[in-house]
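K.L.:
just a sequence and a predicted model for now, questions to come.
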Amino acid sequence: MRALALLLLLLSTPLAAAEVHVMPGAGTLGAAIAAAEPGDVLVLSGGAYMGPVTIDRTLTLTGDGTATIDGQGNGTVITIAADDVALTGLHVTGSGADHSQIDSGIKIVKGADRARIEGNRLTDNLHGVDVHGGLDALVRGNTVEGRQSHRMNERGNGFYVWNSPGTVIEGNRVRWGRDGIFSNVSKKGTYRGNTFRDLRFAVHYMYTHDSEVSGNVSIGNHLGFAIMFSDRVVVRDNLSLGDREHGVMLNFANSADVAGNLVRGGTKKCLFIYNAHKNLIFRNRFEGCGIGIHFTAGSERNMLTENTFLGNNEQVKYVGTRHMEWSFEGRGNFWSDHPAFDLNGDGIADGVFRPNDLMDHILWSQPAAALLTGSPAVQLVRWSQSSFPAILPGGVTDSHPLMQPHLIPVPDDITAIEAEVSGRWTKGTPDDLDLDDLGSH
């Protein structure tokens, strides 16, 4: 009996994985994959390998950064179609340009779970990495440089995630292309610690639930973090620096936790909330935007507390008639234009703050009225409202405004990149993009 048990154990134990060295050239990589046993490690020497190739068994492909796998403009360069495949230290380039097939540098298809894509460089592909149905993929420490030769909306994404629960995308750098991460019809993803530059959106969510966007940096993009039609998303500790339209956008997004984020640098709207409900917006810093927060389309039951609104041209634009309280348990937000006193020294201003009055509502609906802003009649209306608050229209009230702003530090290397893009949007851009056309998203 013991001999039989030992025999069964030996039969169930796989042979030791082999390390196979592959030389560059036409057809060598495809032949090496076809000849490999599951669990083998294919070590690619420096040089060019012709693709496309499909990995249909559990393998590791590794290089030292000098091995280039070139798709020669045909389809996806590397397709992963087996569990537990790892790609490390490779240069992947030259995918096709067919959006209907989502041509990519690397594609992880349904049924190929636990893929590991780490420390690679992906250049001149339509999409960088397409996680298309595989579960629990890890995409870490890669550099993705997208295409620049087409109109922005015709380019591909750095990372495209579709119906791939458990995906982790962390510590990557993405530049050029369309969106840094486009996550669509998925859940339970973690996207953290990535840096995005020169894109349409840094992170673009559509129907992606129960997931996390944290510690990312968006610099000089058209829009930072767009959470759309998604529930229970954590948006925490991200930086939006010098982005064009919105730093953070919640569009039909519910029960999100938006905390510790910094938006600054000339953005039109630091935070845009459109038909989004039951969100916690806590301890963020919105600085130097055209509008600090634009709040519209019936958004209800949102909690805003301990945020900093600093030096925005217009702190709040609330389009609606409801009375809304923006403080929680005796702590409101810091407003740089609130001339406040704190006689008892508790850190809470003694006076209530209302960011908008009746004239603001008139100016939103009739912009030409701005010509009358300094007139005695307008000043009389504003004095009357400040003296008799009961005549104020519905809108935002902060009953416990804070006396001190909240500081969110930015690392020196990120500050240097931020300085590079400063003022870019005042010079115009050739990219075709209309963020008011939500259908184009």
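P.N.:
Noted; the coordinates are in hand.
K.L.:
quick one: pLDDT of the closest residue to residue 220 other than its chain neighbours?
P.N.:
Excluding the flanking residues, the one nearest residue 220 by CB to CB, 6 or more residues apart in numbering is residue 421, at 3.4 Å. C-beta here means a position set from N, CA and C on the backbone, and glycine is covered the same way. Note on residue 421: pLDDT of 91.
K.L.:
residue 421: neighbour count?
P.N.:
Residue 421: 19 surrounding residues under other CB atoms under 10 Å.
K.L.:
residue contacts, it?
P.N.:
Residues in contact with residue 421 (CB atoms under 8 Å, 6 or more residues apart in numbering) are 197, 219-220, 241-242.
K.L.:
output those residues in CSV, with pLDDT and distance to residue 51 appended to each entry.
P.N.:
Shown next, in CSV, are the contacts of residue 421 (pLDDT from 0 to 100; distance: CB to CB, whole Å):
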residue, pLDDT, distance to residue 51
197, 98, 27
219, 97, 32
220, 96, 32
241, 98, 37
242, 96, 37
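K.L.:
not counting stretch 28-41 itself, show me its contacts.
P.N.:
14-15, 17-20, 22, 42, 44, 49-51, 53-60, 62, 69, 82.
K.L.:
go with 7 Å
P.N.:
Outside stretch 28-41, the residues within contact range by CB atoms under 7 Å, 6 or more residues apart in numbering are 14, 17-20, 22, 42, 49, 53, 55, 57-60, 62, 69.
K.L.:
so among those residues, which ones count as buried?
P.N.:
20, 22, 42, 49, 53, 55, 57-60, 62, 69 (16 or more other CB atoms under 10 Å).
K.L.:
residue 292 reaches residue 313, doesn't it?
P.N.:
No: in this structure, residue 292 is not within contact of residue 313 by CB atoms under 7 Å, at 8.6 Å.
K.L.:
who has more neighbours out of those two?
P.N.:
residue 292 (30 against 10).
K.L.:
now the helix or strand hosting that one: how far from the chain's centre is it?
P.N.:
Per DSSP states H and E, residue 292 falls inside strand 291-296. Put simply, strand 291-296 sits 19 Å off its chain's centre (CA atoms, centre = their mean, to the nearest Å).
K.L.:
start at 167, not 1
P.N.:
Understood, numbering begins at 167; the last thing we discussed is strand 457-462.
K.L.:
now it - C-alpha only, CSV.
P.N.:
Coordinates of the C-alpha atoms in strand 457-462 are reproduced here as CSV (Å, rounded to 0.1, in the frame of the first residue of the first chain):
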residue,chain,number,x,y,z
ILE,A,457,-14.7,76.0,-10.5
GLY,A,458,-13.8,74.1,-7.3
ILE,A,459,-16.9,71.9,-7.5
HIS,A,460,-19.7,71.8,-10.0
PHE,A,461,-22.7,70.0,-8.5
THR,A,462,-25.7,69.3,-10.7
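K.L.:
which helices and strands sit right next to the following helix or strand past it?
P.N.:
Downstream of strand 457-462, the first helix or strand assigned by DSSP H and E is strand 469-471. Applying 3 or more CB pairs under 7 Å, 6 or more residues apart in numbering; DSSP states H and E, one finds that strand 469-471 contacts strand 446-448.
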